[in-house]
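Q: fold the following, please.
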Amino acid sequence: MSIEMTKLITRIRKAKHPEMFEDGSGEDEKERVEDGVELPAPGSYDPSMVSEGVKENEKLTDVDESYPLIPEDPEVGDTVYAWAHIKWDNRAGELVYDVIEPDMDEETSVILQEIRNILERTFDIDFNEIDSGEAEEYLSDKIDMIVEKYNISLTEKQREVIRYYTYRDLAGLGKLQPVMNDKEIEDISCDGTDIPVYVYHRNPKYGSIKTDITWSEEDELESFVMKLAQRTGRSLSVSSPLLDGALPDGSRVNASLTEDVTAHGPTFSIRKFQETPFSAVNMMNLGTANAELMAYMWILEQYQQSYLICGGTATGKTSFLNSVISFIPPEDKIVSIEDTRELRLPHENWIPS
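A: Now for the predicted structure:
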């Protein structure tokens, strides 16, 4: 191994485990790297690992976790309008992901529908062109104007519930909006009518989980898929029934519209956009890559060599690319070409296209 490679590996290991080098104890690690990577001898596994895995699966029956979705990070005194509740379903024999939202009585439901009808007739704004805070303020003001104009009698609780559902359904993605707010969810997919929406949780203990969200009517699901297309700025129709685009927040969307494409009618999948991309250190902490691999990628970037990153769907290709691109010197010019923009680079001298 070259001296330059060894130095890079040591620098990366210092970034990942600085405590190892505070008293010089990292020297042994350096020698281990120079001697090469040690591989376990055949059959040298620990049988206790198997039993631990079984115990971990058994613990799934004890899962009962709740956390806020709207708002995502509530402060003391804030009202939480939507919660995620992950629990074990004894009847189904699996984990389920439930979305808990405010209850509505019949009177509030009727008033909400009337206000929504009025709002939809008087819209003078494109929610794609404003951020969530501006959309929330716009809708709140409009609701107050309608309540005053039509002399609608509401309690403060009813007013808050109406504001929540109005924003959720008009500015957001309807019943799917709370899940979109969940930072722990990577993927959201719907395979058709009367089929539960499934989500993929970042916690490896949970993985793919069935939710309590379904579309029972094909027309309703078709309308939602059309809404996704509108949010991506792409067209979707019977003559062009496939969608591949990105939502304003960067999340990637794939959808189909008709039974000619999928047997169960309209379908969609959303790959949620991660606001803060994984760094090289994150990749090593997660076990996706080791210091040797990152040092090798660093040398490739430094000397402008070519490489290919390939793999199946949802295997982390873009996440890995995002992490190693950070090795490109900040003064170098970068031009990226993507069908759907997913890269997030810290470089100023970058032209995304």
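
Q: distance check, the residue nearest to N290 when sequence neighbours are not counted against L293.
A: Once flanking residues are discounted, N290 sits nearest to M284: 6.4 Å by CB to CB, 6 or more residues apart in numbering. (Glycine included, C-beta is placed from N, CA and C.) For M284, the distance to L293 equals 9 Å [CB to CB, to the nearest Å].

Q: my read is that Y97 contacts K210, right?
A: Yes - judged on CB atoms under 8 Å, Y97 makes contact with K210 at a distance of 6.9 Å.

Q: which one's more surrounded, these two?
A: When Y97 is set against K210 and neighbours are counted by other CB atoms under 10 Å, the residue ahead is Y97, at 24 against 18.

Q: so that one: helix, strand or coil?
A: At Y97 the chain is in strand, as set by DSSP: H, G, I helix; E, B strand; the rest coil.

Q: now it: how far from W83?
A: Using CB to CB, one gets 11 Å for the distance from Y97 to W83.

Q: rewinding a little: give the residue from M284 and L293 that has the larger number of neighbours.
A: The neighbour comparison of M284 against L293 (other CB under 10 Å) goes to M284, with 20 against 17.

Q: what ranges does the stretch 101-250 of the chain have for its helices?
A: Counting by DSSP state H, counting those that start in this stretch, the stretch 101-250 of the chain has helices at residues 106-121, 132-149, 156-166, 177-180, 218-232.

Q: which one of those lies closest to T10?
A: Of all these, helix 177-180 sits nearest to T10, with 41.9 Å by CB to CB.

Q: nearest spatial neighbour of the residue sitting nearest the centre point of the chain, skipping sequence neighbours?
A: A centroid search over the chain (CA atoms, centre = their mean) returns K272, at 3.1 Å, as the residue closest to the centre. Distances taken as CB to CB, 6+ apart place S251 nearest to K272, at 4.9 Å, with adjacent residues excluded.

Q: quick one: P74 and Y81 touch, right?
A: No - if you go by CB under 8 Å, P74 and Y81 don't touch, sitting 9.6 Å apart.

Q: can you list the weak-confidence ranges in the stretch 251-353 of the chain?
A: 314 (pLDDT under 70).

Q: can you map out the strands along it?
A: Here the stretch 251-353 of the chain has its strands, by DSSP state E, counting those that start in this stretch, at 252-256, 267-271, 334-336, 350-352.

Q: mind saving the C-alpha coords of stretch 320-336 as CSV?
A: Only the C-alpha atoms of stretch 320-336 are listed here, as CSV (Å, rounded to 0.1, in the frame of the first residue of the first chain):
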residue,chain,number,x,y,z
PHE,A,320,-23.0,6.9,-2.1
LEU,A,321,-22.2,9.2,-5.1
ASN,A,322,-23.3,12.2,-3.0
SER,A,323,-20.9,11.2,-0.3
VAL,A,324,-17.8,10.7,-2.5
ILE,A,325,-18.3,13.8,-4.6
SER,A,326,-17.4,15.8,-1.6
PHE,A,327,-13.8,14.7,-2.2
ILE,A,328,-13.7,16.8,-5.4
PRO,A,329,-11.6,19.9,-4.8
PRO,A,330,-13.8,22.9,-4.1
GLU,A,331,-12.2,24.9,-6.8
ASP,A,332,-12.9,22.3,-9.6
LYS,A,333,-15.9,22.8,-11.9
ILE,A,334,-18.7,20.2,-11.7
VAL,A,335,-21.4,19.7,-14.3
SER,A,336,-24.1,17.1,-13.5
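
Q: so, low pLDDT: which residues of the stretch 1-150 of the chain?
A: For the stretch 1-150 of the chain, the ranges with pLDDT under 70 are 1-9, 12-13, 15-58.

Q: change it to 80
A: 1-58, 123-124, 128 (pLDDT under 80).

Q: and for M294, the neighbour number?
A: When neighbours are defined as other CB under 10 Å, M294 has 25 of them.

Q: how near is the nearest residue to D169 once chain neighbours are set aside to V110?
A: Of all residues not flanking D169 in the chain, R116 sits nearest, at 7.0 Å (CB to CB, 6+ apart). R116 sits at a distance of 11 Å from V110 (criterion: CB to CB).

Q: again, but for K59
A: From K59 to V110 the distance is 45 Å (CB to CB).

Q: on that earlier part again, would you turn the strands of the stretch 251-353 of the chain into CSV with distance to G93?
A: Putting the strands of the stretch 251-353 of the chain into CSV (distance: least, CB to CB, whole Å) gives the following:
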stretch, distance to G93
strand 252-256, 30
strand 267-271, 25
strand 334-336, 45
strand 350-352, 46
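
Q: adding distance to V324 and mean neighbour count, write those strands out as CSV.
A: Listed next are the strands of the stretch 251-353 of the chain as CSV, based on distance: least, CB to CB, whole Å; neighbours: other CB atoms under 10 Å:
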stretch, distance to V324, mean neighbour count
strand 252-256, 20, 20
strand 267-271, 20, 21
strand 334-336, 13, 13
strand 350-352, 15, 13
